[in-house]
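Asker: the following block contains a protein sequence and its predicted model.
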Amino acid sequence: MKHGLLILGLWLPWALTASEADIKQAIEEGQKAYQAGELSQAAAQFDYVATLIRQQQAAGMGELFPAPLDGWQAEEVSSQAGSAALFGGGINASRTYRMDDKRLEIVITKDSPLLQTMAMLFTNPSMAAMGGYKVKRIQGQTAMFKQEGTSMELQMLIANTLLQFNGHALSEAELTAYAEAVDYQALTRL
């Protein structure tokens, strides 16, 4: 039964996104509006196409989250795609993992203009250190780790995608195990 629910949980976001036919139709309507000189209508259609494509990407991000470690439970993936006009655009997905009083939330943010600010931390390790981060490598990728009391975070910037691991009451080894379980090759292809 759990296996069937897992498959349904992974399939349902894809079922709720636009089909290829919807996207092609919106592109054709945008082209017709453009050729007719209806520039506002053309722009609206192409914005709509971009939003539909982002929604497909957001749904696909659900497959990037690692399976729960032994003894852990995972909630369903939550994803959203924002237009460039709202919240700076980009695609976000998150998933929460729990075991007893331990909690971990993994957030993936892709194609957001706001990521340029984060890139400065990753290209300048001394700036990250001033912010209280410890720089380390996970699967060959640069990661920034920070712990304050029972809370910890790990951030990674890969191919215009920000991964954030925010944990409470777990060990650094458990946080790192989740970070090592991410398929970084798949992440760069999305």
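Answerer: Structure's in. What do you need? Numbering: from 1, shown residues only.
Asker: now the residue most central in space within the chain: phi and psi?
Answerer: For the chain, the residue sitting closest to the mean C-alpha position, by C-alpha atoms, centre = their mean, is I108 at 2.3 Å. Torsion angles at I108 (phi, psi; degrees, to the nearest 10) stand at phi -120, psi 120.
Asker: with D47 instead?
Answerer: According to degrees, to the nearest 10, the main-chain angles of D47 amount to phi -60, psi -40.
Asker: distance of it relative to G30?
Answerer: Using C-beta to C-beta, to the nearest Å, D47 is found at 9 Å from G30. (Each C-beta comes from the backbone N, C-alpha and C, glycine too.)
Asker: look at these two and report which has more neighbours.
Answerer: It is G30, of D47 and G30, that has more neighbours when counted by other C-beta atoms under 10 Å, with 20 against 15.
Asker: ok, the more buried one - contacts?
Answerer: Q41, A42, Q45, F46, Y48, V49 (C-beta atoms under 8 Å, 6 or more residues apart in numbering).
Asker: make CSV out of those and add pLDDT and secondary structure.
Answerer: Converted to CSV, the contacts of G30 look like this (pLDDT from 0 to 100; DSSP: H, G, I helix; E, B strand; the rest coil):
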residue, pLDDT, secondary structure
Q41, 92, helix
A42, 90, helix
Q45, 90, helix
F46, 87, helix
Y48, 87, helix
V49, 85, helix
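Asker: give me the buried subset of those residues.
Answerer: Buried positions within the contacts of G30, assessed by neighbour count (16 or more other C-beta atoms under 10 Å), are A42, Q45, F46, Y48, V49.
Asker: so what's the second one closest to, chain neighbours aside?
Answerer: This points to Q45. Distances taken as C-beta to C-beta, 6 or more residues apart in numbering place G30 nearest to Q45, at 3.3 Å, with adjacent residues excluded.
Asker: and the residue of the chain most remote from its centre, how far from D70?
Answerer: For the chain, the largest distance from the centre (C-alpha atoms, centre = their mean) belongs to A36, which lies 38.0 Å off. Shown here: A36 relative to D70, a distance of 60 Å by C-beta to C-beta.
Asker: could you do R98 as well?
Answerer: Between R98 and D70 the computed distance is 13 Å (C-beta to C-beta).
Asker: who's more crowded, the two?
Answerer: Shown here are R98 and D70; by other C-beta under 10 Å, R98 has more neighbours (16 against 6).
Asker: was I right about the more buried one contacting Q73?
Answerer: Yes: between R98 and Q73 there is a contact at 5.4 Å, judged by C-beta atoms under 8 Å.
Asker: phi, psi of the closest residue to V77 other than its chain neighbours?
Answerer: Spatial nearest neighbour of V77, excluding adjacent residues (C-beta to C-beta, 6+ apart): G62 at 3.9 Å. The phi/psi pair for G62 (degrees, to the nearest 10) reads phi -60, psi -30.
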